[in-house]
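>>> Can you look at this prediction? I've put the sequence above it.
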Amino acid sequence: MSKTPCFHCGDPIPKNLNITSQVEGETAFFCCYGCHAIAEFIRGADLTSYYNHRTKLAENPSNRNTSRTNFELIQDEEIYPLYVFIDDDKNHQIQLSIRGMTCAACAWLIEKKLEQIKGVKSIHINLSSSIATLLWQPEEVTLTQIGQEIEMLGYEAAPYRADELDINQQQARKTSIVRLGIAGVGMMQVMMSAIAIYAGEIQGIDEGLKALLRWSSFIFATPVVFYSAAPFFKSAIRDIKTQYFTMDLPVSLGIGLAYISSVYALFTHSGHVYFDSVTMFAFFLLLGRFLEETARHKSTLDNKHRQELTSVTRINPDGTAQLMPIGKIKVGDLIRVLPGETIPTDGIIIKGESSVDESTLTGEYAPIHKTVGSQLIAFTTNIEQMLDIKVTAIGKQTRAAAIERLTERALSEKPKIALIANKIAHYFVICVLFAASFTYLGWSLTGSNEAYWIMVSVLVVTCPCALSLATPVALTTATNKLKKVGLLVTRGHVIESLAKSKHLVFDKTGTLTYGQFDIVSIDSNEKEKSLAICAALEAESIHPIAQTFHPFISDLKAHDIKNQVGSGVEGCINGSIYKLGNLNFVTDVSTNLFNKKQLIEANESSNGLTLYLASAKEGIIATIQLQDRLRDKVQETIQTLRQHKFTVSLLSGDTETSAKSILQPNDFDHFLTEMTPEEKWSWINTQQDKKHTVMIGDGLNDVPTLAGANTSIAMAASSDLAKTHADAILLNNNINSINDAIKIAIKCKKIIKQNLFWAATYNLIMLPAAVFGFVPPWAAAIGMALSSLMVVLNANRLSY
Amino acid sequence: MESLYLLVPLAGLFVFIGIGLFVWAVRKDQFDDLDREGQRILFEDDDKE
């Protein structure tokens, strides 16, 4: 037994598990056979330097999706040309979207491995978008083989093609990079001239040189204003049209007025130029927005086309089975679902018997026994045996699609969070405009010909640079800091709304727990031996219960294994028959070996799931309690949160007994179970009227609630839909990080307030001085730059 | 100081050439992957060993 985390994925290693391997002369320990197999495969390919280079641990392979995209399917004549491009040398080119990459070393690993394959001409992986461009020769190697290689490394690959939205997004991203780059370069150039001009104000400067510097800063500032800052002007115009002022309006006003008056000053050889402030301001704001956009883009970059390429086995009327894309399946068709596959549509079982994992929809992680006539729901997973299903609903009509529609509704009704900065902006703009016009009017009435320049000073002094930087700078720093503690923010409002939160609502399965069975207790005279027998019986099964025994696989081998769906498994080891399963199933071995009392006791004590191991000779030799396991530090986190006066609730789709078996209702303020997705959402709605609510969930049944909550956090191992609709993603699946995240959010809010206070005080002091003409324009410009710098430095305190 | 009258515009010209190259690079997809390229050089070293 070892305390070290898994060498490959960093997950804790279960007790009693001892899977090791020699990597680069050292003994590495693994948490599961999946990780071990990947590490061995990497070692076999002589690519172990991956482990030296990676900056982040790999994803645990069990987090992977069960629905496999079938590369064979792409061979369909209609589909092939949509994905594959054939160049002049008869090389085929395809884009693959790859899942599971965590750092640059992952991309390197895949590239190196694929380059070793004969027939692969070139492979290039873009880590930002997780898309690989592959050039290969189909005569040498098939796409299916390449896909398998990627899978062996622990990643998933699926054919990808960009749709119009993707192309537009890519184009928009390129434009943002160019805007940012031009603003950056422009700012640097203008700053150089500005320093010379400021020094000249103090030391004296040759008039000709001053004009040269002014002209050069004008030339560099112009593209920044007209090209880089264009998005601000566009949204300011939209603000005026919609009568709702956001920060974009004062920003554009600041940039626009400072630029126009600088140009005026330049051509009339009077006043002062503010090109430096204009460019710096534009650059910092663009940078903040770019970072936010990038984070959002990354999280929404989903494999939309997986759906299109999901393969379904259809049983034709003549009895033959045929693989085809899901799009071609119609209601009433007969389809076949193999064990381990995701059920693609809603349907009714016509032939076969199996258990189905419906945890994505209900949160109930124990598989449900289904037989002929049972209803099946799309996106649940078939576990044990082959099923023939009659399709009752496809696409938009399925239960899962109904959840999607509910999500859209929830999203549209999501309470809007009034960002502090936007609220302030509204009043600020009005005040500044009044102050400036009164100043101009007042000075004109006194007959001063300085009236215009004094007004410019007023505008520059009150230029909301510091004010409009106050929030975004702090938010950008906080976003980076949050990412370090494991929370990826994908919507702009998260930090402010997280700081406000008073009520945390958790889903159970997959969020507070791992959503997998785990052995909690075993009652036996020979524990080790019993476990080894169980492991031998379950060795070949992919059933979630069976998998809990896989770590105990030993030299014992079982033969004549018979699976009885929903009851248990039977097999022969060293000549004696063993049964593992529920009480009724195992007591069939030889009923006279059990006394009634023992049975009743056993039945009553069952909490979670109880399995019995019996042998034909000895009767019951082991009683094993299985339960879902809580994630690390869940209880401490909940207690800490409640100590800090947070309301903590549980909102589970699972049954009450199942929830109570691992969680104490006393630990929660509200303990709600057996909730449907609709009920979850409407409950959250009633709650968030009272208190600002954060929803933390993972499954498909949480999606509407995630979309509708004030703030929502999805676990990293969530369904895709949950991740897309959540405001933030908990990358490390560590519940305790939420505590840290809230702390950071609160600190960030404090800094925003300090910043706003500083900016407002500065404006309030300087405004009267400027109105009365005490502030020369150059002093106004320096003051403005300094106040912005203060704000930026203050925000940087967040990163420590 | 007269040299500045030549050098400042010249520097300006270089900046515009630089911006032009930058825009060209962005168009040629060279900025598509902001996460990886910075680290690529570290990996290449290994290959020669």
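Perfect, I can see it now. Numbering: from 1, shown residues only, chains lettered A, B, ... in the order given.
>>> what's downstream of the helix or strand bottoming out on mean pLDDT in chain A, the next helix or strand?
Across the helices and strands of chain A, mean confidence by mean pLDDT, DSSP states H and E is lowest for helix A:596-605: a mean of 48. For helix A:596-605, the following helix or strand on the C-terminal side (DSSP states H and E) is strand A:609-615.
>>> what's the nearest residue to residue 39 if we skip its chain neighbours?
Since no chain was named, I'll use chain A. Among residues not flanking residue A:39 along the chain, residue A:8 sits closest, at 5.1 Å (CB to CB, 6 or more residues apart in numbering or on different chains). For every residue, glycine as well, the C-beta is placed using N, CA and C.
>>> The chain in question should be chain B.
residue A:104 (4.1 Å).
>>> so that neighbour sits right up against residue B:41, yeah?
No: counting by CB atoms under 8 Å, residue A:104 stays clear of residue B:41, with 10.7 Å between them.
>>> and the two? which has more neighbours close in?
Between residue A:104 and residue B:41, counted using other CB atoms under 10 Å in any protein chain shown, the more crowded position is residue A:104 (23 against 8).
>>> and that one, what is it in contact with?
By CB atoms under 8 Å, 6 or more residues apart in numbering or on different chains, the residues touching residue A:104 are A:53, A:55, A:127, B:35, B:36, B:39, B:40, B:43.
>>> Do you know the pLDDT at it?
The score at residue A:104 is 81. That number is its pLDDT.
>>> hang on, the earlier thing: filter the contacts of residue A:104 down to the buried ones.
A:53, A:127, B:35, B:36, B:39, B:43 (16 or more other CB atoms under 10 Å in any protein chain shown).
>>> Among those residues, which ones are in helices?
A:53, B:39, B:43 (DSSP state H).
>>> Quick one: name the residues of chain A near chain B.
Taking CB under 8 Å from any CB of the partner chain as the criterion, the neighbours of chain B within chain A are A:49, A:53, A:104-105, A:107-108, A:125-129, A:170, A:174, A:177-178, A:181-182, A:185, A:189, A:206, A:208-209, A:212-213, A:216, A:219-220, A:294.
>>> Just those residues: which are in helices?
A:49, A:53, A:104-105, A:107-108, A:170, A:174, A:177-178, A:181-182, A:185, A:189, A:208-209, A:212-213, A:216, A:219-220, A:294.
>>> list the contacts for the single nearest residue of the stretch 701-800 of chain A relative to chain B?
In the stretch 701-800 of chain A, no residue comes nearer to chain B than residue A:731, which is 14.7 Å away by CB to the nearest CB. For residue A:731, the contacting residues are A:483, A:486, A:487, A:488, A:716, by CB under 8 Å, 6+ apart.
>>> swap the cut-off to 10 Å and go again
Residues in contact with residue A:731 (CB atoms under 10 Å, 6 or more residues apart in numbering or on different chains) are A:56, A:102, A:482, A:483, A:485, A:486, A:487, A:488, A:715, A:716, A:737.
>>> which among those residues end up buried?
Among the contacts of residue A:731, the ones that count as buried (16+ other CB under 10 Å) are A:102, A:482, A:485, A:486, A:487, A:488, A:715, A:716, A:737.
>>> Taking the residues you listed together, which two end up most distant?
A:102 and A:482 (17.5 Å; CB to CB).
>>> elements contacting the top helix by length along chain B?
Taking DSSP H as the criterion, chain B has its longest helix at helix B:4-27. With contacts taken as 3 or more CB pairs under 10 Å, 6 or more residues apart in numbering or on different chains; DSSP states H and E, helix B:4-27 sits against helix A:164-203, helix A:207-223.
>>> Quick check: which of those is buried the most?
helix A:207-223 (a mean of 19; mean count of other CB atoms under 10 Å in any protein chain shown).
>>> Please work out the average pLDDT along that helix.
For helix A:207-223, mean pLDDT rounds to 92.
>>> For residue A:435, give its distance to residue A:770.
To residue A:770, residue A:435 is 9 Å away according to CB to CB, to the nearest Å.
>>> err, residue A:701, not the other one
According to CB to CB, residue A:701 stands 59 Å off from residue A:770.
>>> With residue A:279 instead?
Taken as CB to CB, the span from residue A:279 to residue A:770 is 22 Å.
>>> And for residue A:790?
Distance from residue A:790 to residue A:770, counting by CB to CB: 19 Å.
>>> Ok, residue A:201 next?
Distance from residue A:201 to residue A:770, by CB to CB: 18 Å.
>>> go on, residue B:28?
From residue B:28 to residue A:770 the distance is 48 Å (CB to CB).
>>> Number of residues surrounding the closest residue to residue A:244 other than its chain neighbours?
Of all residues not flanking residue A:244 in the chain, residue A:426 sits nearest, at 7.7 Å (CB to CB, 6+ apart). Residue A:426 has 16 neighbouring residues, counting by other CB under 10 Å.
>>> Read off the pLDDT value for residue A:426.
70.
>>> if we can go back for a sec, surely the residue nearest to residue A:39 is in a helix?
No: looking at residue A:8 with DSSP: H, G, I helix; E, B strand; the rest coil, it is coil, so not inside a helix.
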